[in-house]
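Participant: Structure of the sequence below:
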Amino acid sequence: MKERIYTIPVTEAFGQDCECPLCVLEKKMENDALEYHLGPAMMEPDSRVETNRTGFCARHFTKMYNMQQNRLPLGLVIDTHMQEQNKIIEILYHKHENAIKSEAAKGFPDFSLGSKNSASLRFIDEMLQKLGTLSGTCAVCDRVQMSMDKMLDVTLYLFFKEPDFRKSFEASKGFCLKHLEALLRMLKAQYGKGRQAEFIRVLMPLQIEHMKRVQDDVNYFTKMFDYRSQGLDWKNSRDAIPRSIEKICGPCDLQR
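Facilitator: Sure, this is the predicted structure:
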């Protein structure tokens, strides 16, 4: 198979003994994105504009903080992000402030439901929309998703075009359910029914076999706590719980 720079990460991931090669890729993409936002992104105006607007999800804020690198870059990103968000929130409140104060001065009973045309309700709706939008954005998540879309595209391309890669695909242990869904969505969007059928014919027996294998490991793990199992070999079940969670959910930060 002729290697190209964009195929190397995919072929390397499928060469590993793991429950989901796409999880291997996603973890790498995530780590690269975290390091990027704490490093080169600091000097890129477009990136700072993005992080000022989107911020980061709680998971990625936690990961960046826990990386224990120089915290100045993280502090600078948080500083300008909060400046922008504080300004937006302040403007939003001042837009309705006088009308809200007027409504407050009228002293409505506590049990009175707000009018659909009240300034207070309009402010609440606008504020909820703003907060909801902000809570759903993350610069790291966006970067990882963009990278993973490319990796999914390459995976399907190699499956159909490269016989050596197809052998690696068929020798894999299937995928987590998150990446199974992602693969099927990409397949649906980019290929016709003939290619769809060809891919599904290979994918699903593989997926079913290895989902059952992991479930069997979990089942065996639970039986090892029965007094009648004392002295028996744990076989491949000792790490069955974290493997099963990752098989269901995709990449997780599980303590092993």
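Participant: which element is Glu35 on?
Facilitator: helix 21-37 (DSSP states H and E).
Participant: Can you list the buried residues in the very next helix or strand once past that helix?
Facilitator: The first helix or strand that comes after helix 21-37 along the chain, using DSSP H and E, is helix 45-54. Residues Ser47, Arg48, Glu50, Thr51, Asn52, Thr54 are the ones in helix 45-54 that count as buried (16 or more other Cβ atoms under 10 Å). C-beta here means a position set from N, CA and C on the backbone, and glycine is covered the same way.
Participant: and if you look at stretch 76-89?
Facilitator: Neighbour-count burial for stretch 76-89 [16+ other Cβ under 10 Å]: Val77, Ile78, His81, Gln85.
Participant: Could you check the pLDDT of Cys252?
Facilitator: Per-residue pLDDT puts Cys252 at 91.
Participant: Which element, helix or strand, includes it?
Facilitator: Using DSSP H and E, no helix or strand contains Cys252.
Participant: got it, and Gln129?
Facilitator: Per DSSP H and E: helix 119-135 holds Gln129.
Participant: so how far is that helix from its chain's centroid?
Facilitator: From the chain centre to the centre of helix 119-135 is a distance of 25 Å (Cα atoms, centre = their mean, to the nearest Å).
Participant: can you give me the angle whichever strand or helix holds Glu181 makes with helix 21-37?
Facilitator: Using DSSP H and E, Glu181 sits within helix 177-190. Angle, helix 177-190 to helix 21-37, by axes from the mean of the first three to the mean of the last three Cα atoms, to 10 degrees: 90 degrees.
Participant: For helix 177-190, give me every contacting residue.
Facilitator: With Cβ atoms under 8 Å, 6 or more residues apart in numbering as the test, helix 177-190 has contacts from 20, 22-23, 26, 148-149, 152-153, 155-156, 174-175, 195-196, 199-200, 203, 207, 247-250.
Participant: Which of those fall in helices?
Facilitator: If you go by DSSP state H, the contacts of helix 177-190 have 22-23, 26, 148-149, 152-153, 155-156, 195-196, 199-200, 203, 207, 247-249 in helices.
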